[in-house]
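A.B. asks: let's see this in three dimensions:
(chains A and B)
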Amino acid sequence: MDNFFIGIFILFFSGVLTLFIKKPDFKLKFLTLGSFIALCFCSIDAVRAFVFNKQTCSISLGSIFNNINFSMDYLSAFFVIIISVMSFLGLLYANGYLKPYISKNKDLSAHCLFLPMLIASMLLVVTVQNALMFLIVWELMSLSSFFLVIFEHEKKDVIKAGIKYLVYMHVSVIFIIIAFALMSIQASSFDFAQFKDILSSDTTLANTIFITAFIGFGIKAGFFPFHNWLPDAHPAAPSHVSGIMSGVMIKTGIYGILRILSLIPHPEVQIDYFVLIISVISALYGVLYAISQHDIKRLLAYHSIENIGIIGIGIGIGMLGLTFNCTPIAILGFGGGILHILNHSIFKELLFLAAGSIYTKTHTRNIEILGGLIKTMSKTSILFLIASIAICGLPPFNGFVSEFLIYFSMLKGLTINNISTFIILVLAIAGLALVGTMAILCFTKAFSIIFLGQARSEAAKNVKEDTTISFIFPMSILGLFIILIGVFPQYVFDFMLKPISIFTGEITFDVSPIIKLMQNISTIAICLIASILVVFAIKYILKNKNEKYVTWGCGYNKPTSRMQYSASSYASPFITMLTPLFKKVADIKKPKTIFPTEAHFEMHMEDVEEAYFLKPLLKSLEKFFAKFEKIQNGNIQQYITYGLIFLALALICVVILG
Amino acid sequence: MNNDKFLILFNVLILLIMPFITLGVIKKTKAFWSGRKGVSILQPLYDTIKLFKKDKTISSTTSWIFNFAPAVIYTTTLFAGLFTPMIKCHSIIDVAGAFIIFSYILGLGKFFALIAAMDTGSSFEGMGASREASFTTIVEPAFFIILASLTALSGNYTFAALTDLISSNGTFGILIIIMAVVSLFIMLLVECSRVPVDDPTTHLELTMIHEVMILDNSGADLALITWANGIKMVILMALISNIIIPLNLDFNLSLILFILMFPILGIIVGTIESGIARLRMSHVFEFVFVMSSFALVVASLAAVKMYGI
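C.D. replies: Got it, this is the predicted structure:
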């Protein structure tokens, strides 16, 4: 694992070195080069671990830590590769994205220091095998990403979102500490390998620890009741940071859950149901709120919650397979879940980068005032379209492959001879189908309101697409990944079998039927693409005369861009059907008098969980803590008295307890 | 002639020709109930041929999406047809998990239909697109519940799960058949935009769903889209026929029965269309939810059959 540590060292070092470089654009270029070399080093070891075998290494760090074990097993190697590739593409994009900020003389020093630190800490999180060290690098990851989120710290919203993120991350870390502390007390060691014996012998302890850790890591990943930081933090951060955070960083939460799971050989059936139910609710909740959003990055953030839910469904089914000793179900479930981790990081990063390109050109994230960008930003629009189709899980792209695996694992799961499993899985299948169709509703809305029709405001008119390499190259690479995984899933699934074997043990089961399924999908995808092109070519050859004319408007021939359908009206029939699930906040100014001069209407959907659960909770907490205000009165003498009282009490305690 | 080759040819012919005949039968039925003689049953075919010869008028707002979408809509529908079981439950592409691939390929077509409608920048077409997208969200989960329950019952991951419900499940089979047929029939009414969900012959843009989405399409584009819509109807009718027709019949008998099912279902659709009025838009959701509840009944029946009470 030497190469890996050389890579980590270069990452930290190049971050620190940028502090001594004066010119900001040179800073970024240096950083890109440095992390390219570093991530190459890291990937060398990851690929070696994938191809040959697990690699371990142990570092001695004085008496507190004893020996800290690092290991690169298949699961870690899988995450290291994703983190390396996605972070590098994000960093490359930053070169173009931050240009307007550089020309405004924005100071990039902190950004350039914390960006490599975030990447390095993510890489360490997925390889370290020691609970104490894990918490330290986990905290480093949360803090460095916090500083990246508050890049535009002069804006009040950004600081607010950043603080919210920080608070959530620390609530998350409390749960993780509890879970780790419980395990290390029992095992009297911080090493993950030692935990395994404890967890396999005591099922009640295993259940408690899994649920605690699930809540802790679930906050990071963005599962339903703990998701609230996502839709605020992502819009606040710069686009490449949201891309890295949504594409990779929240997956470290999933990694944590998977790591704990790998220590539990036979999860209890209740735990499986718990994961499944939370995941289905997260997926539905995420996409439901995504439909109601007009801020493109908020919309994408809610979609992250949806996709984390889909990944969770896959993991839940895999766990069911383990519980009932049914290897094919476990392989299909974990395979779908883990493949969806990869897929989501690809298309979500692409969507965030594309959203960033739109933002740099139009200076708005509000899709209601965009429109017609397909004519001016043709390359971005095609890439956004590909990613939209992929995120809806439609063939022939990659999202379909993982969703198909998850569906198929659920269908197989129906044959487990257990009626409650049957009921839960039937509802989960319906839930996943509902999520798929709602995603179609959401992304046809997003794509068509942003790119199609006519420009709805001056900002969206006369846009000139930036086709410099730092914009187009990362996005095209991601687009290429989407197509390749969608068209050749059998080769990708072959690789996925290795991380899956962490959970199922050495795969002795004949996987050729599953590979056959993937080959079918591949053939179907190729035929589908080919036949669409053939039909299009035939239509083209027919060569009927085309005449251009204005859009049909019931005989009205002078339509304006304001007469187009808007995003809120597009989502309206669906949202009206589900009114109780939303809290509508409307800002209406009705037209008055016979010749009204001004009128105004705006509507937002507030997060129900935030409005009816979080805010009341915070309010009551605030009330409670206000009662202690008297203690803090600014009088130094009184503070000294507190110290004295504390010392006296401590002394008494020592005397009584001996 | 080789039996396999005959079946493939038969499937393709049904997919390509039957849409026109079925649409013609529906028109004829409606004419009969309103006391008219009506046009020939093959009129939809003549219309389509004529449309292919016509020139196009394209909105100046549109982009390449508008031009590309009809090809996607037509191809995906036809492709989904290749998965559809026809006579004796024979489909051209017969793979495990077929119904998932089938619905997601149709979903791709729907995606392009929606964005093509939005591409024109017309508020009417946006209205249609948003309604179509909303109704689909309810239809699709119900379809998945039915297919998943039938898959679990038969242990067969292909569309063959649809057939032979009576011989393997007895009385439960009859109940499941009734429930499944009713909900698939509702799905047909929604997906092919027939009364009471949508009136394909209406002339008021504000109340249309599917027809309003293709207001700006003309010539070959319009022909492809209407043809695709017909194919979709044939596909759903074929699914219903496969549930109803027992598998162990004589080949010739089931061939005749299968072909007859399309005009019969067409007559039923036409009769419903003549008998009742279109629902108010706000009540359509309630109607579509009927399908979901029937689907849940199918799931419960399957659970009871598999695990007892």
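A.B. asks: which other helices and strands contact the host helix or strand of B:Asp4?
C.D. replies: Applying DSSP states H and E as the criterion places B:Asp4 in helix B:3-33. The contact analysis (3 or more Cβ pairs under 8 Å, 6 or more residues apart in numbering or on different chains; DSSP states H and E) places helix B:3-33 against helix B:43-53, helix B:64-83, helix B:219-244, helix B:251-275. All C-beta atoms are positioned from the backbone trio N, CA, C, and that covers glycine.
A.B. asks: following element in sequence after the shortest one, please.
C.D. replies: Just to be clear, that refers to helix B:43-53. Using DSSP H and E, the helix or strand that follows helix B:43-53 towards the C-terminus is strand B:56-59.
A.B. asks: near chain A, anything from that following strand?
C.D. replies: Yes: counting by Cβ under 8 Å from any Cβ of the partner chain, chain A has neighbours in strand B:56-59: B:Lys56, B:Thr57, B:Ile58, B:Ser59.
A.B. asks: hang on, the first one packs against A:Lys548?
C.D. replies: I take that to be B:Lys56. No: assessed by Cβ atoms under 8 Å, B:Lys56 is found out of contact with A:Lys548, at 9.8 Å.
A.B. asks: the more surrounded of those two?
C.D. replies: Ranked by neighbour count (other Cβ atoms under 10 Å in any protein chain shown), B:Lys56 and A:Lys548 place B:Lys56 first, with 18 against 11.
A.B. asks: quick one: contacts for the residue nearest to that one when sequence neighbours are not counted?
C.D. replies: Take B:Lys56 and drop its neighbours on the chain: the residue closest to it by Cβ to Cβ, 6 or more residues apart in numbering or on different chains is B:Gly219, 3.8 Å away. Going by Cβ atoms under 8 Å, 6 or more residues apart in numbering or on different chains, B:Gly219 touches A:Asn544, B:Leu51, B:Phe52, B:Lys54, B:Asp55, B:Lys56, B:Thr57.
A.B. asks: pull the most distant pair out of the residues you listed.
C.D. replies: Spanning the widest gap among the contacts of B:Gly219 are B:Phe52 and B:Thr57, at 15.3 Å by Cβ to Cβ.
A.B. asks: shaky segments in chain A?
C.D. replies: A:60-65, A:543 (pLDDT under 70).
A.B. asks: write out the residues of the stretch 201-309 of chain B neighbouring chain A.
C.D. replies: Proximity of the stretch 201-309 of chain B to chain A (Cβ under 8 Å from any Cβ) is limited to residues B:205, B:215-216, B:219-221, B:224, B:285, B:295, B:299, B:303, B:306-307.
A.B. asks: just give me the neighbour total for residue 136.
C.D. replies: Went with chain A since none was named. Neighbouring residues of A:Ile136 were enumerated by other Cβ under 10 Å; the total is 15.
A.B. asks: right idea, wrong chain: chain B
C.D. replies: The local packing of B:Thr136 (other Cβ under 10 Å) involves 22 other residues.
A.B. asks: out of the residues of strand B:56-59 next to chain A, who has the most neighbours?
C.D. replies: Using other Cβ under 10 Å as the neighbour test, the residues of strand B:56-59 next to chain A are led by B:Ser59, with 22 neighbours.
A.B. asks: CA atoms of stretch B:282-293 as PDB?
C.D. replies: Extracted as PDB, the C-alpha positions of stretch B:282-293 are listed here (Å, rounded to 0.1, in the frame of the first residue of the first chain):
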ATOM      1  CA  SER B 282     -60.000  16.400 -11.300                       C
ATOM      2  CA  HIS B 283     -61.800  13.100 -11.100                       C
ATOM      3  CA  VAL B 284     -59.500  11.200 -13.400                       C
ATOM      4  CA  PHE B 285     -57.100  10.500 -10.600                       C
ATOM      5  CA  GLU B 286     -59.800   8.800  -8.600                       C
ATOM      6  CA  PHE B 287     -60.600   6.600 -11.600                       C
ATOM      7  CA  VAL B 288     -57.000   5.700 -12.100                       C
ATOM      8  CA  PHE B 289     -56.600   4.800  -8.500                       C
ATOM      9  CA  VAL B 290     -59.300   2.100  -9.000                       C
ATOM     10  CA  MET B 291     -56.600   0.300 -11.000                       C
ATOM     11  CA  SER B 292     -54.200   0.500  -8.000                       C
ATOM     12  CA  SER B 293     -56.700  -0.900  -5.700                       C
END
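A.B. asks: and that stretch, how far from the chain's centre?
C.D. replies: 17 Å (Cα atoms, centre = their mean, to the nearest Å).
A.B. asks: ok, now stretch B:19-38?
C.D. replies: Counting by Cα atoms, centre = their mean, stretch B:19-38 comes out at 18 Å from the chain centroid.
A.B. asks: other SSEs contacting whichever strand or helix holds A:Phe5?
C.D. replies: Taking DSSP H and E as the criterion, A:Phe5 maps to helix A:2-17. Helix A:2-17 sits against helix A:24-51, helix A:109-125, with contacts defined as 3+ Cβ pairs under 8 Å, 6+ apart.
A.B. asks: can I get the ones you listed in TSV with distance to A:Ile305 and mean neighbour count?
C.D. replies: Output for the helices and strands packed on helix A:2-17, formatted as TSV (distance: least, Cβ to Cβ, whole Å; neighbours: other Cβ atoms under 10 Å in any protein chain shown):
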stretch	distance to A:Ile305	mean neighbour count
helix A:24-51	28	19
helix A:109-125	20	24
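A.B. asks: contact partners for A:Phe180?
C.D. replies: A:Ala131, A:Leu132, A:Phe134, A:Leu135, A:Phe190.
A.B. asks: make sure I have this right: it is in a helix.
C.D. replies: Yes: counting by DSSP: H, G, I helix; E, B strand; the rest coil, A:Phe180 falls inside a helix.
A.B. asks: and A:Met603, what does it touch?
C.D. replies: A:Ser568, A:Lys584, A:Val585, A:Ala586, A:Asp587.
A.B. asks: cool, thanks, talk later.
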